[in-house]
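Asker: Turn this into a model:
(one chain, ligands or ions: 1)
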Amino acid sequence: MYVCACVNMMKTKSDLLLQAYIEEHIEDEPKLLKELRRQAHLTLLRPRMLSGHLQGRILKMFMQMIRPEHVLEIGTYTGYSALCIAEGLPDGSLLDTIEINDELENKILSFFNASEHGKKIKLHIGDALEIIPTFPYSFDAVFMDGNKRHYKAYYEACLGKLRQGGYIFADNTLWDGHVVDEEIRRNDQQTKGIMEFNDMVKNDPRVEVVILPIRDGISVIRVK
Ligand SMILES: C[S@@+](CC[C@H](N)C(=O)[O-])C[C@H]1O[C@@H](n2cnc3c(N)ncnc32)[C@H](O)[C@@H]1O
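Answerer: Numbering: from 1, shown residues only. This is a model prediction of the structure:
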């Protein structure tokens, strides 16, 4: 079934039909984001890393539901998810997004500048683990989507900056279904990183968590 299908797994015909059906029956993907996705497929390695139509609309809706003032994103890549988050933010709110790869800076900024929501986003180039402690304010929500091996470290850094009742949305927490694949679990560092993260969150009394089996898995973590 599509909602449980992880991004890189072979999708069956019915998965693809269901995916198309869902995308036809949710809010349209904005034109600029379609163009961003097209360019990413033409010019970038691993374009599947970007959130895409369904997940992007979900991120926007999460923001409309919680109406945060300050949001943090770890892992900007092309800026696709940042633009979806910004679209859901009230005027006057700010998304700080951090990307470690400085070669992406010009591409990201060109899309932020082309969007009416770009003014709600501040891009930081560097390592999230170094930048997070420097923010002078706390966050209402975090979208965690950086290097899967460092999720535990991002999590601790973010918890120190999140207000009570704030949320972390952690992407890829089912990691292509690898979390339940015995062979891959033993040998792959990214899978190990995600599994240790999921175990840590489940056993952390400071938070409550659900995992949404959408796309590659999104954990919704609430600070008690
Ligand atoms: C999965 S992509 C992000 C996709 C994007 N959030 C979206 O949904 O459109 C992960 C990005 O995290 C960046 N990254 C990895 N480690 C990082 C770190 N320590 N700090 C900031 N960015 C990092 C990578 O360079 C990559 O561009």
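Asker: For the residue nearest to residue 91 when sequence neighbours are not counted, give me phi and psi.
Answerer: Leaving out its chain neighbours, the residue that sits closest to residue 91 by Cβ to Cβ, 6 or more residues apart in numbering is residue 120, at 7.7 Å. (Each C-beta comes from the backbone N, C-alpha and C, glycine too.) Dihedral pair for residue 120: phi -90, psi 10, per degrees, to the nearest 10.
Asker: I figured residue 120 hits residue 89, correct?
Answerer: Yes. The pair residue 120 and residue 89 qualifies as a contact (Cβ atoms under 8 Å) at a distance of 5.2 Å.
Asker: what sits in contact with each of these two?
Answerer: By Cβ atoms under 8 Å, 6 or more residues apart in numbering, residue 120 and residue 89 have these common neighbours: residue 95.
Asker: residues in contact with the residue nearest to residue 91?
Answerer: The neighbourhood of residue 120, defined by Cβ under 8 Å, 6+ apart, consists of 86, 89, 91, 93, 94, 95.
Asker: Including pLDDT and distance to residue 128, could the residues you listed go into a markdown table?
Answerer: Written out in a markdown table, the entries for the contacts of residue 120 read as follows (pLDDT from 0 to 100; distance: Cβ to Cβ, whole Å):
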| residue | pLDDT | distance to residue 128 |
| --- | --- | --- |
| 86 | 98 | 18 |
| 89 | 98 | 20 |
| 91 | 96 | 26 |
| 93 | 98 | 20 |
| 94 | 98 | 16 |
| 95 | 98 | 14 |
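Asker: Drop anything exposed from those.
Answerer: Buried members of the contacts of residue 120, counted by 16 or more other Cβ atoms under 10 Å: 86, 89, 93, 94, 95.
Asker: Touching the host helix or strand of residue 96 from outside, list them.
Answerer: Using DSSP states H and E, residue 96 sits within strand 94-99. The contact list for strand 94-99 (Cβ under 8 Å, 6+ apart) reads 69-77, 79, 82, 85-86, 89, 105, 108, 120-128, 131-132, 135, 146.
Asker: Around the residue lying closest to residue 82 once chain neighbours are set aside, how many other residues sit close by?
Answerer: Closest residue to residue 82 in three dimensions, ignoring its sequence neighbours and counting by Cβ to Cβ, 6+ apart: residue 97, at 4.5 Å. Taking other Cβ atoms under 10 Å as the neighbour definition, residue 97 ends up with a count of 26.
Asker: Could you give the bridge partners of residue 97?
Answerer: Using DSSP bridges, the beta-bridge partners of residue 97 come out as residue 73, residue 123.
Asker: I'd like the numbering to begin with 471 instead of 1 from here.
Answerer: Got it, first residue is 471 now, which makes that one residue 567.
Asker: now it: how far from residue 596?
Answerer: Residue 567 sits 11 Å away from residue 596, taking Cβ to Cβ, to the nearest Å as the criterion.
Asker: do the same with residue 606
Answerer: The spacing between residue 606 and residue 596, counted by Cβ to Cβ, is 16 Å.
Asker: Same drill for the two, tell me which one is more crowded.
Answerer: residue 596 (12 against 4).
Asker: Give me the buried positions along the lowest-mean-pLDDT helix or strand in the chain.
Answerer: Among the helices and strands of the chain, helix 652-657 carries the lowest confidence by mean pLDDT, DSSP states H and E, at a mean of 83. If you call a residue buried by 16+ other Cβ under 10 Å, then helix 652-657 has these buried ones: residue 654.
Asker: Name the residues that touch it?
Answerer: 648, 649, 661, 662, 665.
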